[in-house]
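In: for reference, the sequence and a predicted model appear below.
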Amino acid sequence: MQISFLYKAQMAFLCALFLFLTASKTTAEESMTSGPFSFLAISDMPYSPKEDYILTQRTRPAIEASPLPFVIFMGDFKNSTLPCSAALLTERRNQIMALHPGRVFYTPGDNDWTDCDRTQMIQRFSELDRLDLLRRLFYDTPMALPPEWLYARQALFPENMRWVYKNTLFATVHLVSTNNGREEILLSDVSLALTLTDARDRANYVWLSQAFAEAGKIGADAVVIATQADVTHSKYKQRCTETLRQECDAFADFNLHLRYLSAQFKKPVLLMHGDTFPYCLDKEFGGASAPNLWRFNSTGDYGLTDAAVITVNSANRSTPFSFTSLTERTPPAPNC
């Protein structure tokens, strides 16, 4: 009787172990193989108590109920008037990371650090101090992802991340509004702030190049780049240089480099960002030199308070990317 019980217990354990290992192997294989899949993007929210309620009571439950593998949060987790206290930044970190525990990729926005010194705020902070705090809050520990995702972070700039899912390469690039931090430097040393922005721009250039090099190396089917800044939104004509560091287009070099790399890659490329309204799709962003490069302006920014669902189907040459919102099923405007 005892032998029979032990035998049954051992067999039950072995069956459970087999099912676990099979499921783990299946999950790993699914994340590595090509084929259509969807993921989530959020940005520029919550900006009000109402949006806070929607994010926690409607969007988060919908994410939890979905099978989608990860979320990219493209900055601006608060409006530009709320003080950037350590308590608030910690609260928003916890709120964001709870949307999909262990699977949220966050890239900073201007409201999260560069705008923390604004005169209209009750409590003001140095933007460089807030960036340092953000990095400690969000990036102190690398994400624990399956090895087949090929997760990597850039040295000294851990907010620049890279990973692979379903043979699509993803990368975050730390570009923010306020002309990428070159305007309204009110409490930090201006020269130091600009020097650090120059260093971040150089790092972004290298990181973008490495992302496409990795995509070529692994034979990726598509590339998705995520930033906070709307890189089409600059009031200046001249590009920034070593001598012209302010009142210049802080995104010109990034746009030129992205178009060049996309043209060389030839396969589908998507640039996605928050920062501005409307919620829209720009299929002409790459121009004649890189028609494979599309731009997606995501939800949020006092517009549609919802997550965006992005579907990647690189085998579909005419529509490699498609979009809708998570809970309202609203597509973006066809032109930006």
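Out: Perfect, I can see it now. As the structure is a prediction and not an experimental result, all values here were calculated from the model. Numbers count the residues shown, from 1 in each chain.

In: pop the domain breakdown of the protein in here.
Out: 1-32, 34-325 (automatic domain parsing).

In: kindly check the end-to-end length of stretch 74-82 for me.
Out: 18 Å (Cα to Cα, to the nearest Å).

In: let me fix that, I meant to ask about stretch 318-333.
Out: End to end - Cα to Cα - stretch 318-333 spans 17 Å.

In: again, but for stretch 33-48
Out: 41 Å.

In: turn the domains of the chain into CSV, columns for mean neighbour count, mean pLDDT and distance to residue 331.
Out: For every residue, glycine as well, the C-beta is placed using N, CA and C. As requested, those are exported to CSV (neighbours: other Cβ atoms under 10 Å; pLDDT from 0 to 100; distance: least, Cβ to Cβ, whole Å):
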stretch, mean neighbour count, mean pLDDT, distance to residue 331
domain 1-32, 10, 45, 27
domain 34-325, 18, 97, 5
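
In: roughly how far apart are residue 156 and residue 135?
Out: 10 Å (Cβ to Cβ, to the nearest Å).

In: brain fart, residue 178
Out: Residue 178 is 18 Å from residue 135, by Cβ to Cβ.

In: what do you get for residue 281?
Out: Per Cβ to Cβ, residue 281 is found 32 Å from residue 135.

In: now the helices for the chain?
Out: 2-32, 49-54, 60-65, 86-97, 127-139, 177-181, 190-218, 252-265 (DSSP state H).

In: compare these and give me the one nearest residue 160.
Out: helix 190-218 (4.7 Å; Cβ to Cβ).

In: give me the angle between the closest one and helix 252-265.
Out: 0 degrees (axes from the mean of the first three to the mean of the last three Cα atoms, to 10 degrees).

In: which strands and helices sit next to helix 190-218?
Out: helix 127-139, strand 152-154, strand 157-165, strand 168-172, helix 177-181, strand 222-226, helix 252-265 (3 or more Cβ pairs under 8 Å, 6 or more residues apart in numbering; DSSP states H and E).

In: 7 Å instead, please
Out: helix 127-139, strand 157-165, strand 168-172, helix 177-181, strand 222-226, helix 252-265 (3 or more Cβ pairs under 7 Å, 6 or more residues apart in numbering; DSSP states H and E).

In: could you dump the ones you listed to a markdown table with distance to residue 47?
Out: Shown next, in a markdown table, are those (distance: least, Cβ to Cβ, whole Å):
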| stretch | distance to residue 47 |
| --- | --- |
| helix 127-139 | 18 |
| strand 157-165 | 22 |
| strand 168-172 | 22 |
| helix 177-181 | 14 |
| strand 222-226 | 20 |
| helix 252-265 | 26 |
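
In: give the contact list for residue 58.
Out: For residue 58, the contact set (Cβ atoms under 7 Å, 6 or more residues apart in numbering) comprises residue 327.

In: typo on my end, it should be residue 193
Out: So residue 193 contacts 127-128, 181, 185 (Cβ under 7 Å, 6+ apart).

In: could you dump these into JSON lines with distance to residue 230 added?
Out: Formatted as JSON lines, these follow (distance: Cβ to Cβ, whole Å):
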{"residue": "127", "distance to residue 230": "19"}
{"residue": "128", "distance to residue 230": "23"}
{"residue": "181", "distance to residue 230": "14"}
{"residue": "185", "distance to residue 230": "20"}
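
In: now, which of these sits nearest residue 69?
Out: Closest to residue 69, out of all of the contacts of residue 193 and judged by Cβ to Cβ, is residue 181, at 31.3 Å.

In: if I read this right, residue 222 contacts residue 315, doesn't it?
Out: No. Contact criterion Cβ atoms under 7 Å: residue 222 and residue 315 do not qualify, at 9.9 Å.

In: what sits in contact with each of the two?
Out: By Cβ under 7 Å, 6+ apart, no residue touches both residue 222 and residue 315.

In: how about residue 128: what's its closest non-neighbour residue?
Out: Spatial nearest neighbour of residue 128, chain neighbours left out: residue 188 (4.6 Å); criterion: Cβ to Cβ, 6 or more residues apart in numbering.

In: and what of residue 120?
Out: Using Cβ to Cβ, 6+ apart and skipping residues adjacent in sequence, the residue nearest residue 120 is residue 81, 5.9 Å away.

In: residue 112 versus that neighbour, what's the distance?
Out: From residue 81 across to residue 112, the span is 13 Å (Cβ to Cβ).

In: show me the contacts for the closest residue to residue 96 other than its chain neighbours.
Out: Leaving out its chain neighbours, the residue that sits closest to residue 96 by Cβ to Cβ, 6+ apart is residue 73, at 5.3 Å. Residue 73 makes contacts with 42-43, 96, 104, 106, as judged by Cβ under 7 Å, 6+ apart.
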